[in-house]
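Undergrad: what follows is a protein structure lacking sequence information:
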Ligand code: BG6
């Protein structure tokens with residue numbers, strides 16, 4: 001019987017260290033980071049020599065900050081909060097109210113860190129989590145370096161975790177990398193993509209490389225095409241202002257969807273060392289065929305939702321959301337067809353799509369295999385028989401299913417499609433996780449495998465940049481072009497239908 005222990009990172013606790021959170025009063029800290037640290041403290045994966053320093057503009061005291069996070073835990077904890085452990089944790093928290101661009105902040109922070117070393121035995125190991133608006137990334141890192149907070153010595157390490165968005169196109173991502181790498185070494189920079197914190201995303205690698213039976217057929221000889229869908233039922237909510245500047249393509253494709261593509265398509269790495277894995281991922285991203293202007297017109301689709309009904313509730317059109325201009329041309333849906341130019345994947349299209357206000361929340365990767373010859377089964381028409389599909393369900397269902405043909409009971413040989421399903425929860429139980437535990441723990445032990453290297457981020461942007469350019473030059477004419485609660489504009493279906501294929505939609 002497999003273990004039912006929570007699927008948290010295993011092994012040694014993180015190193016003694018201080019985590020400095022820039023943007024500590026924001027949503028990410030309250031909803032994810034603090035609950036994740038607590039989840040690590042429970043199975044003793046957080047060092048006993050640990051402290052948190054929160055930094056944000058909000059004018060509150062350390063006491064008020066601690067009260068705030070204690071209240072927040074009532075809402076956002078993903079496991080029961082044990083009073084003694086929580087008390088231990090809160091005693092290690094401090095809050096500094098400051099403007100990130102105020103140069104006086106940094107010497108003060110340095111002092112606070114040295115004091116934390118004395119109080120909590122954290123040995124000068126610090127990591128800085130930048131949960132701020134992206135314009136602060138480079139200035140914060142430069143300021144940290146200027147006061148020596150990024151200087152590493154044999155006796156201690158210094159690391160920086162950078163949130164998304166990492167740039168808004170290829171040029172700005174390159175510029176940001178250059179700015180960061182001027183004052184910090186690549187091994188100190190942890191570019192986070194929260195998709196890699198998801199168990200099921202990490203499991204794509206386990207599934208492919210820990211089993212002998214899939215890899216031999218994981219190529220163009222047997223695979224017809226791949227579909228990657230990231231469907232969300234939410235709209236843009238209170239993030240209209242950010243989202244309208246970004247759009248679905250920037251928000252989801254160069255980061256989350258590129259992770260799913262690279263893990264699905266990469267060659268087996270020679271080890272699970274950070275650079276061995278990331279080298280293979282980077283090779284795939286570099287092998288994605290750049291889209292020409294004609295390709296952008298024929299192989300990409302953009303959409304924006306109009307008013308509609310999702311889950312029985314009426315939702316406003318994107319253009320009526322708070323913070324969104326009434327004539328916005330920003331896309332909330334994108335679909336495209338990509339090709340990977342290498343021996344394994346030549347001529348195997350990768351179709352991807354993502355959108356807000358879809359009928360269901362569902363992220364999955366579909367591997368569709370080539371059809372079997374049908375001569376033996378004359379009573380079953382080609383259209384009645386779905387080809388074999390292997391589906392990696394990322395969320396909210398977490399599992400793997402395989403669709404194949406079986407004989408329908410009865411006196412004649414007729415076939416039907418059936419599914420063989422595996423759900424992680426049935427075997428491993430449900431883990432109390434925010435999705436950030438593994439990533440924070442990895443940073444505390446210096447394992448950068450699940451973080452983005454500079455070249456990977458740039459390769460992701462290189463794929464989407466030509467699309468951004470053409471879309472900017474040719475604004476959409478018919479927005480909104482899909483009704484909230486549907487699977488996007490009709491052109492997204494046409495994209496596959498033209499190739500004799502169709503999306504696999506998972507309904508509730
Ligand atoms: C974020 C995007 O990076 O990912 C959001 O900015 C999106 O727009 C979110 O909703 C999706 O994450 P998840 O974990 O809910 O799939």
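TA: The structure has been received and is ready for your questions. It should be emphasised that the depicted structure is a prediction, and the values quoted were computed from it without experimental measurement.
Undergrad: which residues are in contact with the most centrally placed residue in the chain?
TA: Centroid-nearest residue in the chain, with C-alpha atoms, centre = their mean: residue 195, separated by 2.4 Å. For residue 195, the contacting residues are 201, 255-256, 259-260, by C-beta atoms under 8 Å, 6 or more residues apart in numbering. (C-beta placed from N, C-alpha, C; glycine too.)
Undergrad: got it, and residue 498?
TA: So residue 498 contacts nothing (C-beta under 8 Å, 6+ apart).
Undergrad: so how far is the ligand from it?
TA: Separation of residue 498 from the ligand (C-beta to the nearest ligand atom, to the nearest Å) stands at 29 Å.
Undergrad: for that residue, give its distance to residue 492.
TA: 11 Å (C-beta to C-beta, to the nearest Å).
Undergrad: same check on residue 190?
TA: Residue 190 is 35 Å from residue 492, by C-beta to C-beta.
Undergrad: still on that earlier bit, let me know the closest of the contacts of residue 195 to residue 448.
TA: Nearest to residue 448 among those, counting by C-beta to C-beta, is residue 259 at 14.4 Å.
Undergrad: just the element for that closest one, please.
TA: Secondary structure assignment for residue 259, by DSSP states H and E: helix 258-265.
Undergrad: can that helix be found next to the ligand?
TA: No. Applying C-beta under 6 Å from any ligand atom, one finds helix 258-265 separated from the ligand by no less than 10.9 Å.
Undergrad: packing partners of that helix?
TA: If you count contacts as 3 or more C-beta pairs under 8 Å, 6 or more residues apart in numbering; DSSP states H and E, helix 258-265 packs onto helix 199-209, strand 223-231, helix 274-287, strand 350-355, strand 362-369, helix 454-473.
Undergrad: flag every buried residue along the last one.
TA: Along helix 454-473, these residues count as buried under the neighbour rule (16 or more other C-beta atoms under 10 Å): 454-468, 470-471.
Undergrad: near the ligand at all, that helix?
TA: No. Counting by C-beta under 6 Å from any ligand atom, no contacts exist between helix 454-473 and the ligand, the nearest distance being 13.2 Å.
Undergrad: give me the number of residues near the closest residue in space to the residue nearest to the centre of the chain that isn't next to it in sequence?
TA: Leaving aside its chain neighbours, residue 195 sits nearest to residue 256 (4.3 Å; criterion: C-beta to C-beta, 6 or more residues apart in numbering). By other C-beta atoms under 10 Å, the residues close to residue 256 number 23.
Undergrad: pLDDT wise, what is residue 256 at?
TA: The confidence metric pLDDT takes the value 97 at residue 256.
Undergrad: which SS class is it?
TA: Following DSSP: H, G, I helix; E, B strand; the rest coil, residue 256 is assigned to helix.
Undergrad: quick one: residues contacting it.
TA: 193-195, 230.
Undergrad: how about the residue lying closest to residue 222 once chain neighbours are set aside, what does it touch?
TA: Leaving aside its chain neighbours, residue 222 sits nearest to residue 369 (5.6 Å; criterion: C-beta to C-beta, 6+ apart). Applying C-beta under 8 Å, 6+ apart, one finds that residue 369 lies in contact with 217, 222-224, 387-390.
Undergrad: drop anything exposed from those residues.
TA: For the contacts of residue 369, buried by 16+ other C-beta under 10 Å: 223-224, 387-390.
Undergrad: least confident pick among the residues you listed?
TA: residue 387 (88).
Undergrad: could you look up the SS state of the residue of the chain found nearest the ligand?
TA: In the chain, the residue found nearest to the ligand is residue 251; the distance is 4.7 Å by C-beta to the nearest ligand atom. Recorded secondary structure, residue 251: helix (three-state DSSP).
Undergrad: buried stuff in the helix or strand where residue 419 lies?
TA: For residue 419, the element it lies in under DSSP H and E is strand 414-423. By neighbour count on 16+ other C-beta under 10 Å, the buried set for strand 414-423 is residue 415.
Undergrad: now it against helix 199-209, angle please.
TA: Comparing the axes of strand 414-423 and helix 199-209 via axes from the mean of the first three to the mean of the last three C-alpha atoms, to 10 degrees yields an angle of 120 degrees.
Undergrad: packing partners of the next helix or strand after strand 414-423?
TA: Downstream of strand 414-423, the next assigned helix or strand under DSSP H and E is helix 424-428. If contacts are counted by 3+ C-beta pairs under 8 Å, 6+ apart, helix 424-428 sits against helix 199-209.
Undergrad: in the helix it packs on, what's buried?
TA: Buried, per 16+ other C-beta under 10 Å, within helix 199-209: 199-205, 207-208.
Undergrad: next one: stretch 156-168
TA: Those would be 156-168, for stretch 156-168 by 16+ other C-beta under 10 Å.
Undergrad: quick check: mean pLDDT across the strand or helix carrying residue 407?
TA: Secondary structure from DSSP H and E places residue 407 in strand 399-408. Average pLDDT, strand 399-408: 91.
Undergrad: just the element for the nearest residue to residue 451 once chain neighbours are set aside, please.
TA: Among residues not flanking residue 451 along the chain, residue 190 sits closest, at 4.3 Å (C-beta to C-beta, 6+ apart). For residue 190, the element it lies in under DSSP H and E is strand 189-191.
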